[in-house]
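K.L.:
the following comprises the amino acid sequence and a computationally predicted model.
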Amino acid sequence: MNNNTFPLVLSSPSGGGKTTIKGEILKKDSRFGFSITATTRPKRENEIDGKDYYFVSDKEFDRMIENDEFIEWAKVHKYRYGTPKSSIMRLIDENKIPIMTIDVVGAMNIKKIFPSSVLVFVLPPSVDVMIDRLRKRGEDEDEIKIRINTALKELDYAEKFDYLVINDVLERTVNDIINIIDAEFNKIFRRGNFIKEFKYNINKIIQDGGIR
């Protein structure tokens, strides 16, 4: 894997705001690129195929599984979601930081495949805010109950993530996540190549007879 980049994974219960956060990060910082997920769920009114998701049929999703096209996939609520290998590897080859908005099980799988990935769990400031966001999104009451019950299971994974961010004020949330990535880039284990190069140059000066 390219030593200069690593995947950023955003996971949250429904209504956590990860899709909105992803969009704002992409607008604000050109270092990032979106790793598009394939899904069998219906397209919402404001979504664009090939930009927000790859919306595919169950038959097409089965074909992609058979052809080993996914890095990971999982069933979430009533539909399946998968991360195409081509989507994430293209961004890494372009030296971009891939943003992935996937469920908690998918996040755990990505961490196994890319140990250097950074997992951020996003929560709304309260359950009431989460329910309000789901209603504004057009979810009916039965669907909201399903998503609330799923949120309980998702919260069990929260401690396995690298960071927790509370999505209260969107601008602050976006800045917090960008700051997390800046801090990650400066971690010693990620800067190993720079340190090696620095040591090499010092040794070269010594071998050449010192500073002139």
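P.N.:
Ah, there it is.
K.L.:
which secondary element of this protein has the worst mean pLDDT?
P.N.:
Every helix and strand in the chain was compared by mean pLDDT, DSSP states H and E; the lowest is helix 192-207, with a mean of 75.
K.L.:
so what's residue 120 bridging to?
P.N.:
Per DSSP bridges, the residues bridged to residue 120 are residue 10, residue 163.
K.L.:
distance check, it against residue 126.
P.N.:
Separation of residue 120 from residue 126 (C-beta to C-beta, to the nearest Å) stands at 19 Å. Quick note: C-beta positions are derived from backbone N, CA and C, even for glycine.
K.L.:
and those two? which has more neighbours close in?
P.N.:
Ranked by neighbour count (other C-beta atoms under 10 Å), residue 120 and residue 126 place residue 120 first, with 23 against 11.
K.L.:
would you map the strands across this structure?
P.N.:
For the chain, applying DSSP state E gives strands covering 8-11, 32-34, 37-39, 53-55, 70-76, 79-84, 97-101, 118-123, 163-166.
K.L.:
least confident of the ones you listed, on average?
P.N.:
Lowest mean pLDDT of these: strand 70-76, a mean of 86.
K.L.:
packing partners for that one?
P.N.:
In terms of contacts (3 or more C-beta pairs under 8 Å, 6 or more residues apart in numbering; DSSP states H and E), strand 70-76 is packed against helix 58-66, strand 79-84, helix 85-93, helix 104-113.
K.L.:
list the buried residues in it.
P.N.:
Within strand 70-76, the residues scored as buried using 16 or more other C-beta atoms under 10 Å are 70-74, 76.
K.L.:
cool, stretch 45-52 as well?
P.N.:
Applying a neighbour-count criterion of 16+ other C-beta under 10 Å, one finds residue 52 buried in stretch 45-52.
K.L.:
could you give the mean pLDDT of that stretch?
P.N.:
Here the average pLDDT along stretch 45-52 is 87.
K.L.:
for that stretch, which outside residues touch it?
P.N.:
19, 36, 43, 53, 55 (C-beta atoms under 8 Å, 6 or more residues apart in numbering).
K.L.:
same thing but 6 Å
P.N.:
The contact list for stretch 45-52 (C-beta atoms under 6 Å, 6 or more residues apart in numbering) reads residue 55.
K.L.:
what about that stretch, how long is it end to end?
P.N.:
12 Å (C-alpha to C-alpha, to the nearest Å).
K.L.:
and of the strands of the chain, who's closest to residue 195?
P.N.:
Of all these, the one in closest proximity to residue 195, counting by C-beta to C-beta, is strand 118-123 (20.4 Å).
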